[in-house]
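In: need coordinates for the below:
(4 chains)
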Number of protein chains: 4
Amino acid sequence: MDIGFIGLGNMGRGMVQSLLRAGHRVVVWNRTPERADELVALGAERAATPFEAAEVGVVFTMLADDAATEAVVAGPHGILAGLPRDGIHVASSTLSVRYSAELAERHRTRGQHYVAAPVFGRPDAAAQGALRLVIAGQPGAIARLQPAFAALGSQQFVIGERPEHAHAVKIAGNFLILSLVELLSEAFVLADKAGVSRERFFEVASAVFSSPLADRYGRALLEQRFQPPGFRLTLGLKDIRLALELAEATHTPLPIADLVHQHALEAMARGQAELDFTSLLRVVEAHAGLHRPE
Amino acid sequence: MDIGFIGLGNMGRGMVQSLLRAGHRVVVWNRTPERADELVALGAERAATPFEAAEVGVVFTMLADDAATEAVVAGPHGILAGLPRDGIHVASSTLSVRYSAELAERHRTRGQHYVAAPVFGRPDAAAQGALRLVIAGQPGAIARLQPAFAALGSQQFVIGERPEHAHAVKIAGNFLILSLVELLSEAFVLADKAGVSRERFFEVASAVFSSPLADRYGRALLEQRFQPPGFRLTLGLKDIRLALELAEATHTPLPIADLVHQHALEAMARGQAELDFTSLLRVVEAHAGLHRPE
Amino acid sequence: MDIGFIGLGNMGRGMVQSLLRAGHRVVVWNRTPERADELVALGAERAATPFEAAEVGVVFTMLADDAATEAVVAGPHGILAGLPRDGIHVASSTLSVRYSAELAERHRTRGQHYVAAPVFGRPDAAAQGALRLVIAGQPGAIARLQPAFAALGSQQFVIGERPEHAHAVKIAGNFLILSLVELLSEAFVLADKAGVSRERFFEVASAVFSSPLADRYGRALLEQRFQPPGFRLTLGLKDIRLALELAEATHTPLPIADLVHQHALEAMARGQAELDFTSLLRVVEAHAGLHRPE
Amino acid sequence: MDIGFIGLGNMGRGMVQSLLRAGHRVVVWNRTPERADELVALGAERAATPFEAAEVGVVFTMLADDAATEAVVAGPHGILAGLPRDGIHVASSTLSVRYSAELAERHRTRGQHYVAAPVFGRPDAAAQGALRLVIAGQPGAIARLQPAFAALGSQQFVIGERPEHAHAVKIAGNFLILSLVELLSEAFVLADKAGVSRERFFEVASAVFSSPLADRYGRALLEQRFQPPGFRLTLGLKDIRLALELAEATHTPLPIADLVHQHALEAMARGQAELDFTSLLRVVEAHAGLHRPE
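Out: Numbers count the residues shown, from 1 in each chain, chains lettered A, B, ... in the order given. Below you'll find the model as predicted:
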């Protein structure tokens, strides 16, 4: 299958590796072109513009947010201009529901397809083709994408025909994960202040949850390795904001999200922007008098 | 081993069955004596008072709260009076940290032992000897209890020598579980209002969490079977109050607990006291305009 | 003084009356032209476009929000095009800090002045020239506006030279007022559920606060006259959102604002959009089981 | 009138001065007897025990909380024992609703009267006889107390016949005041981070509120004079806890109270127990990255 791919961050590079490994032809573009070098060494081709990557007929985008996506979508060198009629734009980034719905409409009016396929999983899962794909769009387009999806992910969840619904699921899922970090932080600090070692408490909590996800975050909170960040605090703040925007648009009070948002803002104000999102723990600790900013 | 056992609710009856199955002699007492009938048929003996159950030398209590425990501890017919010097009181209820510390002191001044052993697990796990035991107390006393603990649980977590620390772990653990119900409720309602079916969303969330615990609660929230209650809302409210009391005593702000507490109070005000704790979902739905009280 | 005036809602019409009464020449424009009729009868002149109103040399805008303001600012028939060099645009609406700063810049690059002058006060105060004006901009421009400001308000607060700072003050002030409604609602419901009549409680609270503002809102909450709205819930929601946007941009957690926002969203979900903002009380009542939606 | 008076803190001493000035005979008792010296110099008599102060026939208590009150109520030397049949115990402290109701019952079964008369006002108002009295109890007893009440206060608010209702009003009133401190703190910090001087912002807010109470607290927050405390943080924490206990007992979610409580706990954890309650500002500042603990 011929595939264009735009956005070569940690996730994007892993995804391209998986596509190449499965034998697909991949034409890549990135704002910082050097990011493509190692992939070209693995067999990828280089596009000069997003337009060229889209010309291939199927183009993935895997970028930080709405704005970064819009920057490769619009304009004379962009995806909308380059994608052929009946071509497919696959948006794997975590986009806002509003923007995703808007993209769907813009592609439709040009006779192009738009499939939302945000993913759960970390860069290592991306490189191993072991992502969880949350997919929404026209069944025909989704069917055409199967060879690519099979290379990228171990599980596919088809949500329905409206692409923005896949982004809603991704946003609600990220809200769960970010809130879990807050929740574990509060429980750790409570145990600690009650005189119980966090490690000891977490052995129990880990057995009760028996969740690899809770284990990963629990351990990160115990080790307090906030640098280098696996998932930057600024990105977590963005994701919780996406949940709150969706909540606002649908008139849904979401008090835990507001709480996580408050703590993420405080972390920003404390200078933790470039630390891992689990450094939210420091905010919770500070509130309990446990952690004093350096 | 000879064991007294006080408190024959759903959990207590299951625990006594497991003790009997392992060949222990069990002398039971319950405020409502008929609750003992089926256990007597299985080989348990009946005590006339908590005093008599304690006379056996090792006595478990498995009661609703501090007050119910104090009612069998104090007075001329109570445990303190009946337990021999060097006897052991094992408190498996979810007690407050303050009361647990106080019990430890009262037993100590009488030359008696006090071991905290609250449990995680449901009545079926109790009846199968598959509980998770969170244990704290003097190592010698804990060692003596091994035959009983082995019959009751599949896992033991020894927290340390101060009994109230085991109760702190239980309280912090229950805080996690109750908050998970709130968190899943918020995520379900957000997905729903964004136009995504909750079932579809939960397939994804379940895969991401891969937690049997999250699965159980997620499914309960999807099915909305709030009656008969597995875990009564009033008991959940009590548990979240225990977390908040511990937070107050240790000067630990615990915002998610406050939130769950607010919603539990609202559920009480809406008449949900006797429903399952997962009926918290109705509060979250009502806030989003989804559920109108009947 | 010759003055253009755009935006003839309840506030705008009152302000124009005050300007006319003071002898100023006022050229008005409104999207719905009939709104100008009564003012024309009082001596106002009619502009065909925002451009024409701006041509006068000094032009006020008093519109619902950023978007409504932008609609009269931009384009060939807009203020930016019509205002002469050295003319002054006075923004009396409650604008976002970001948009206000942006407007300042756009006017500056055209050699035009921009003064922010949001107001505190209700339509009756506007019509009586008894508003409180919060003013920021270049001292020279502010000095030139004195005849107009004197006609409009009983008090002027000059915040500084950066126009958006006046809007920040207005936004923070509205946050105080909206939160006061939430706070009084919670206190009323607490007293009520404790068995005390709200009226009796409010006599005490009113004496303790001795604030005409608290009195007005307290009485509105007691009377529960939510219709016709003095201040629509949707506008209150907009204002609390402006506070939250400013909080987000400056990394300032604002938990009371989040709370008011949650309750305002719930009020929207309950269908209270067109009621007065004090109908927030219904949300607080519902949470305490006091008020059941019809 | 002959009056016993127990509790000679800042408030109590002022109240006794006002009673003496009006010509009443006052028999005082305080745990630390030296506190009575200056009052004895003004004409007060000294009681050896609470019993003796109660024997006078009418006895006021003005103590820190339920526990301090119970310490002078119970026992052979206490008020219950000393107060004659038909005597009146006037509780001016801020007591919990539950304890106040319990006191009413205990006095009733002894043929004694119990009137709740908590007050609003500071020590200077107490010394000038300018308190606001919130009164509840039997009309006959309240009538008998008029000479005393007239000496103490400038305003009387009679809530009804159930004494605990006066305490509910006091608790809800204090909740308003404490929350106002939180609210002003948030608004000040928002203005500050938006680049506006707090003083400038407060001029506007003060004009909008026109409340002497808001002015007093606003100025205290601007000056940041947290020492010596006018109203200790620990006492504020106690009062917000009383509001939350009442909320719990009546199934009333009270989210602003939870918020203030969280911040007060954090202030305790930061070592601010002995500072004025307005030092809550430091917590709000710290969350916005403005104030770093020394």
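In: ok, how many other residues are close to A:Val260?
Out: A total of 28 residues lie near A:Val260 under the criterion other CB atoms under 10 Å in any protein chain shown. C-beta here means a position set from N, CA and C on the backbone, and glycine is covered the same way.
In: gap between it and chain C?
Out: 11 Å (CB to the nearest CB, to the nearest Å).
In: just to be sure, that residue is in a strand?
Out: No. A:Val260 is assigned helix when assessed by DSSP: H, G, I helix; E, B strand; the rest coil, not a strand.
In: thought it was touching A:Ile240?
Out: Yes. A:Val260 sits in contact with A:Ile240 when judged by CB atoms under 8 Å, with a separation of 5.2 Å.
In: mutual contacts of the two, please.
Out: With contacts taken as CB atoms under 8 Å, 6 or more residues apart in numbering or on different chains, the residues that reach both A:Val260 and A:Ile240 are A:Phe175, A:Leu178.
In: how about the helix or strand in which A:Gln156 is found: buried residues?
Out: Per DSSP states H and E: A:Gln156 is located in strand A:153-160. Using 16 or more other CB atoms under 10 Å in any protein chain shown as the burial criterion, the residues of strand A:153-160 that qualify are A:Gly153, A:Gln156, A:Phe157, A:Val158, A:Ile159, A:Gly160.
In: do the same with stretch A:127-134
Out: Applying 16+ other CB under 10 Å to stretch A:127-134 flags A:Ala127, A:Gly129, A:Ala130, A:Leu131, A:Arg132, A:Leu133, A:Val134 as buried.
In: tell me if I am right that the last one is in a strand.
Out: Yes. A:Val134: assigned to a strand according to three-state DSSP.
In: ok, it touching A:Ala117?
Out: Yes. Using CB under 8 Å, A:Val134 makes contact with A:Ala117 at a distance of 7.0 Å.
In: so who does A:Gln227 touch?
Out: Contacts of A:Gln227 by CB under 8 Å, 6+ apart are A:Glu274, A:Leu275, A:Asp276.
In: try A:Leu235
Out: A:Leu235 is in contact with A:Ala64, A:Phe277, counting by CB under 8 Å, 6+ apart.
In: likewise A:Pro139?
Out: Contact partners of A:Pro139, counting by CB under 8 Å, 6+ apart, are A:Glu161.
In: go on, A:Gly12?
Out: A:Phe5, A:Ile6, A:Asn30, A:Met62, A:Leu63, A:Ala126.
In: recalculate using a threshold of 7 Å.
Out: A:Phe5, A:Met62 (CB atoms under 7 Å, 6 or more residues apart in numbering or on different chains).
In: ok so, going back, next SSE downstream of the strand holding A:Gln156?
Out: Counting by DSSP H and E, the element that comes right after strand A:153-160 along the chain is helix A:163-193.
In: that next one versus strand A:153-160: what angle between them?
Out: Between helix A:163-193 and strand A:153-160, the angle comes out at 120 degrees (axes from the mean of the first three to the mean of the last three CA atoms, to 10 degrees).
In: point out where the stretch 151-294 of chain A drops to low pLDDT.
Out: Applying pLDDT under 70 to the stretch 151-294 of chain A flags residues A:291-294.
In: picking that back up, what's the PyMOL syntax to select whichever of the contacts of A:Gln227 are buried?
Out: Here is the PyMOL command that selects the buried residues among the contacts of A:Gln227 (16+ other CB under 10 Å):
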select buried, chain A and resi 275+276
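In: re earlier: any shared contact partners between A:Val134 and A:Ala117?
Out: Here A:Val134 and A:Ala117 have A:Ala166 as joint contacts, going by CB under 7 Å, 6+ apart.
In: how is chain A divided into domains?
Out: A:2-161, A:168-287 (automatic domain parsing).
In: SS state for A:His251?
Out: coil.
In: hmm, A:Val28 and A:Leu39 touching each other?
Out: Yes. Between A:Leu39 and A:Val28 there is a contact at 5.7 Å, judged by CB atoms under 7 Å.
In: of these two, who's got more company?
Out: Taking neighbours as other CB under 10 Å, A:Leu39 and A:Val28 compare with A:Val28 leading, 26 against 22.
In: and the strand holding A:Gln156, what does it pack against?
Out: Counting contacts by 3 or more CB pairs under 7 Å, 6 or more residues apart in numbering or on different chains; DSSP states H and E, strand A:153-160 is packed against strand A:131-136, helix A:163-193, helix B:198-209.
In: give me the neighbour count for the residue in the stretch 151-294 of chain A positioned nearest to chain B.
Out: Closest to chain B within the stretch 151-294 of chain A is A:Ser211: 3.2 Å, counting by CB to the nearest CB. A:Ser211 has 21 neighbours, counted by other CB under 10 Å.
In: now it: closest residue in space, sequence neighbours ignored.
Out: Of all residues not flanking A:Ser211 in the chain, B:Ser211 sits nearest, at 3.2 Å (CB to CB, 6 or more residues apart in numbering or on different chains).
In: list phi and psi for that neighbour.
Out: Phi and psi for B:Ser211, reported as degrees, to the nearest 10, are phi -120, psi 120.
In: so what's it up against?
Out: A:Phe209, A:Ser210, A:Ser211, A:Ala214.
In: please identify the deepest-packed of the domains of chain A.
Out: With neighbours taken as mean count of other CB atoms under 10 Å in any protein chain shown, the domains of chain A reach their highest mean count in domain A:168-287, at a mean of 22.
In: how far away from the center of its chain is it?
Out: Computed by CA atoms, centre = their mean, to the nearest Å, the chain-centroid distance of domain A:168-287 equals 16 Å.
In: secondary structure class for the residue most central in space within chain A?
Out: By CA atoms, centre = their mean, chain A has its centre lying nearest to A:Thr94, at 4.9 Å. At A:Thr94 the chain is in coil, as set by three-state DSSP.
In: I figured it hits A:Lys170, correct?
Out: Yes. Between A:Thr94 and A:Lys170 there is a contact at 5.4 Å, judged by CB under 7 Å.
In: and for these two, which residues touch both?
Out: Contacts common to A:Thr94 and A:Lys170, judged by CB under 7 Å, 6+ apart, are A:Pro118.
In: and the furthest pair within the contacts of B:Ser211?
Out: A:Ser210 and A:Ala214 (8.2 Å; CB to CB).
In: which residue does the stretch 1-150 of chain A have closest to chain B?
Out: Closest point on the stretch 1-150 of chain A to chain B, by CB to the nearest CB, is A:Phe120, at 5.3 Å.
In: let me see the contact set for the nearest residue to that residue once chain neighbours are set aside.
Out: Distances taken as CB to CB, 6+ apart put A:Arg132 closest to A:Phe120, at 4.2 Å, once the chain neighbours are dropped. Residues counted as contacts of A:Arg132 (CB under 7 Å, 6+ apart) are A:Val119, A:Phe120, A:Gly121, A:Gly153, A:Gln155, A:Phe157, B:Ala207, B:Val208.
In: need the residues of chain A near chain C, please.
Out: When proximity is defined by CB under 7 Å from any CB of the partner chain, chain A lies next to chain C at A:Glu248, A:His251, A:Thr252, A:Pro253, A:Pro255, A:Asp258, A:Gln262, A:Leu265, A:Glu266, A:Met268, A:Ala269.
In: about what we covered before: C:Arg35 is nearest to which of the helices and strands packed on strand A:153-160?
Out: Across the helices and strands packed on strand A:153-160, C:Arg35 has its closest neighbour in helix A:163-193 (38.0 Å, CB to CB).
In: quick one: the closest one near chain D?
Out: No. Applying CB under 7 Å from any CB, one finds helix A:163-193 separated from chain D by no less than 8.5 Å.
In: could you dump the host helix or strand of A:Gly4 to CSV, C-alpha only?
Out: Secondary structure from DSSP H and E places A:Gly4 in strand A:2-6. This file holds the C-alpha atoms of strand A:2-6, laid out as CSV (Å, rounded to 0.1, in the frame of the first residue of the first chain):
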residue,chain,number,x,y,z
ASP,A,2,1.2,3.5,-0.8
ILE,A,3,1.0,5.8,2.3
GLY,A,4,1.9,9.4,3.0
PHE,A,5,2.9,10.2,6.6
ILE,A,6,3.2,13.6,8.1
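In: great, nothing more from me.
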